[in-house]
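Engineer: sequence? don't have it. structure:
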């Protein structure tokens with residue numbers, strides 16, 4: 001980008017430092033540019049953000065927001081999408097302060113006024129969280145001394161009463177979901193044999209259309225009447241309407257039979273499906289990339305369990321879009337920006353590239369299909385997936401924050417990729433196809449709490465026995481029991497255990513009658529699981545053996561306050577990084593005006609983790625409170 005940008009009176013040209021760089025290490029974007037281009041620096045998810053734009057920001061605040069964002073960028077490993085959210089958060093903060101003097105947040109009186117302003121705007125919970133998280137990023141970058149220790153608590157206060165309620169994504173009633181998937185499967189099976197012919201016919205159609213000397217509104221109708229293809233119930237048009245409908249069906253099947261995020265689905269190509277054999281069992285797998293839990297949002301390869309129908313969906317979606325891929329490839333080859341060219345060519349490997357006006361989209365740098373919410377809603381309306389009285393009842397049970405939004409003979413109030421994700425979770429849990437640990441692995445969640453959020457209220461639907469086949473229920477129960485048996489076998493026979501229940505097991509195992517390496521056999525465990533005399537619930541810090549437990553142990557102190565907690569070596573190792581973060585927080589707060597009980601609570605949690613690490617022979621340097629009383 002050109003260094004000769006318009007600077008405000010307060011900014012010197014010498015301050016306009018490079019922010020991003022090209023592949024040859026030459027500057028690409030400068031601090032006060034309207035766009036920061038990270039394309040050459042960062043690999044992002046398919047269809048992911050590579051540029052941060054400041055064009056429409058308040059000119060009085062823009063330069064200082066850019067300076068603050070650069071400071072945060074230097075002090076944190078944040079994905080580009082995260083930086084863009086912080087840009088937005090800084091804009092909201094500056095608007096409420098009517099200033100970009102971030103130190104104003106340090107004054108308690110002004111901060112109270114700021115909070116009242118936030119509350120009066122009735123922002124959604126996600127927006128308030130974004131604002132509060134941005135304030136903490138300012139503190140970490142030493143731009144303020146204001147640090148919000150309990151973001152969730154303050155967010156609840158600022159979102160109370162008149163704030164717009166943040167509603168959970170939808171769990172689709174089972175019969176409606178079944179009809180949607182069945183229709184999508186029918187479409188895939190119908191057009192899979194014609195996938196290459198669809199692409200070839202569109203190549204001919206677009207060629208004939210480009211040769212028109214003037215716009216002819218009757219061209220699509222005349223062409224379809226004249227052409228002689230064998231594709232059933234398929235019309236060619238400039239909007240690729242029928243092809244888009246097929247592409248939508250492919251996405252529905254992939255989301256419905258894997259529960260992946262939309263960004264992960266977009267990373268799939270025609271070679272993403274594979275099968276792996278375990279003795280006499282064949283497991284269908286999907287391989288793609290995940291960025292959600294990765295450092296700086298950099299995508300890495302991951303695998304999910306799926307259904308064989310997904311193989312047909314991938315082949316159909318990829319092969320029928322070859323006509324569009326050819327056009328994209330030609331236009332991309334003319335682009336001067338080599339980094340953008342490389343990114344777009346990588347995205348072209350996706351099954352889900354744009355089918356409408358590829359020449360125009362390629363020039364704009366847009367390869368990947370968007371607008372899935374609208375596509376899915378159009379799909380359910382086209383095929384008339386309306387609700388029965390039973391569907392409405394089930395919808396209200398599964399979606400209490402949306403109770404009343406679905407009416408008899410009406411359509412779902414919305415449908416998005418994440419709605420398919422939650423529907424997948426609810427279906428697995430309510431039908432006992434797997435437990436929370438199974439779902440946590442499939443969803444690639446960092447902890448079980450988020451998994452439980454997705455499966456929310458599925459137990460109510462299961463309790464009402466909503467349409468579950470008795471023979472299938474038996475098979476499901478057996479599969480779920482086997483997963484629990486495997487997990488308990490590893491726990492009972494682990495070399496080290498901690499937590500109250502873990503310590504009790506160690507004592508029992510050390511008795512003479514339990515001498516040896518196997519404390520409890522798989523048969524003994526299976527017998528106990530089948531009779532219901534033993535249960536297992538995974539928590540972020542360990543496993544709970546209490547069958548009537550209904551809480552989430554979110555604190556590392558639970559291993560010592562809970563009589564039923566078991567901590568395995570794997571769970572203990574996961575607390576190492578948590579302890580380091582707690583120590584950093586303690587040190588950051590020790591010289592501030594935070595209440596002593598907050599610091600004490602952090603210190604106790606640190607020491608609780610140390611006891612766990614010691615029990616599992618994990619090396620660490622003990623944290624001493626006296627060292628931080630400067």
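Structural biologist: Done, it's in. Note that this is a predicted model, so its numbers are computed, not measured. Numbers count the residues shown, from 1 in each chain.

Engineer: and the helix or strand encompassing residue 486, average pLDDT?
Structural biologist: Residue 486 belongs to helix 470-492 when assigned by DSSP states H and E. Mean pLDDT, helix 470-492: 64.

Engineer: ditto for stretch 282-290
Structural biologist: 86.

Engineer: and it, how far out from the chain's middle?
Structural biologist: 17 Å (Cα atoms, centre = their mean, to the nearest Å).

Engineer: List the buried residues of it.
Structural biologist: 284, 286, 288-290 (16 or more other Cβ atoms under 10 Å). For glycine as for every other residue, the C-beta is placed from the backbone atoms N, C-alpha and C.

Engineer: How about stretch 83-97?
Structural biologist: Neighbour-count burial for stretch 83-97 [16+ other Cβ under 10 Å]: 83-94, 96-97.

Engineer: Just the closest of those to residue 581, please.
Structural biologist: Residue 581 has its nearest neighbour among the buried residues of stretch 83-97 in residue 86, at 19.4 Å by Cβ to Cβ.

Engineer: you'd agree the closest one is up against residue 72?
Structural biologist: Yes: at 6.0 Å, residue 86 and residue 72 qualify as touching, with contact defined as Cβ atoms under 8 Å.

Engineer: so what's in contact with these two at the same time?
Structural biologist: 78, 137 (Cβ atoms under 8 Å, 6 or more residues apart in numbering).

Engineer: all strands for the stretch 251-400 of the chain, in order.
Structural biologist: Ranges of strands within the stretch 251-400 of the chain are 273-278, 281-290, 300-305, based on DSSP state E, counting those that start in this stretch.

Engineer: oh, I was asking about the stretch 1-150 of the chain
Structural biologist: Counting by DSSP E, counting those that start in this stretch, the strands of the stretch 1-150 of the chain are 18-21, 27-30, 35-37, 51-53.

Engineer: got any ranges where the stretch 251-400 of the chain has weak pLDDT?
Structural biologist: For the stretch 251-400 of the chain, the stretches with pLDDT under 70 are 293, 336.

Engineer: Pass me the low-pLDDT residue ranges in this structure, would you?
Structural biologist: Scanning the chain for pLDDT under 70 picks out 1-14, 160-166, 213, 293, 336, 428-483, 511-519, 547-561, 591-598, 626-630.

Engineer: okay, now the domains of it?
Structural biologist: 13-158, 168-465, 471-570, 571-628 (automatic domain parsing).

Engineer: Residue 425 and residue 243: what is the separation?
Structural biologist: Distance from residue 425 to residue 243, counting by Cβ to Cβ, to the nearest Å: 31 Å.

Engineer: can you tell me how far residue 72 sits from residue 24?
Structural biologist: On the measure of Cβ to Cβ, residue 72 and residue 24 end up 27 Å apart.

Engineer: Pick out whichever of these two has more residues nearby.
Structural biologist: residue 72 (21 against 8; other Cβ atoms under 10 Å).

Engineer: from what I can see that one touches residue 78, true?
Structural biologist: Yes: if you go by Cβ under 8 Å, residue 72 and residue 78 touch, sitting 7.3 Å apart.

Engineer: Overlap in contacts, these two.
Structural biologist: Common neighbours of residue 72 and residue 78 (Cβ under 8 Å, 6+ apart) are residue 86.

Engineer: At which residues are the helices of the stretch 351-500 of the chain located?
Structural biologist: 358-363, 372-382, 389-398, 417-430, 436-443, 448-454, 458-463, 470-492, 500-509 (DSSP state H, counting those that start in this stretch).

Engineer: ok, back up a step: dump the strands of the stretch 1-150 of the chain into JSON lines; add distance to residue 619 and mean neighbour count as well.
Structural biologist: Shown next, in JSON lines, are those (distance: least, Cβ to Cβ, whole Å; neighbours: other Cβ atoms under 10 Å):
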{"stretch": "strand 18-21", "distance to residue 619": "39", "mean neighbour count": "19"}
{"stretch": "strand 27-30", "distance to residue 619": "44", "mean neighbour count": "20"}
{"stretch": "strand 35-37", "distance to residue 619": "42", "mean neighbour count": "20"}
{"stretch": "strand 51-53", "distance to residue 619": "41", "mean neighbour count": "17"}
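
Engineer: Turn those into JSON lines, columns for distance to residue 616.
Structural biologist: JSON lines is the format used below for the strands of the stretch 1-150 of the chain (distance: least, Cβ to Cβ, whole Å):
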{"stretch": "strand 18-21", "distance to residue 616": "43"}
{"stretch": "strand 27-30", "distance to residue 616": "47"}
{"stretch": "strand 35-37", "distance to residue 616": "45"}
{"stretch": "strand 51-53", "distance to residue 616": "43"}
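
Engineer: can you list contacts of stretch 183-190?
Structural biologist: Under Cβ under 8 Å, 6+ apart, the answer for stretch 183-190 is 232, 245-246, 248-250, 252-253, 256, 309, 312-313, 316, 383, 385.
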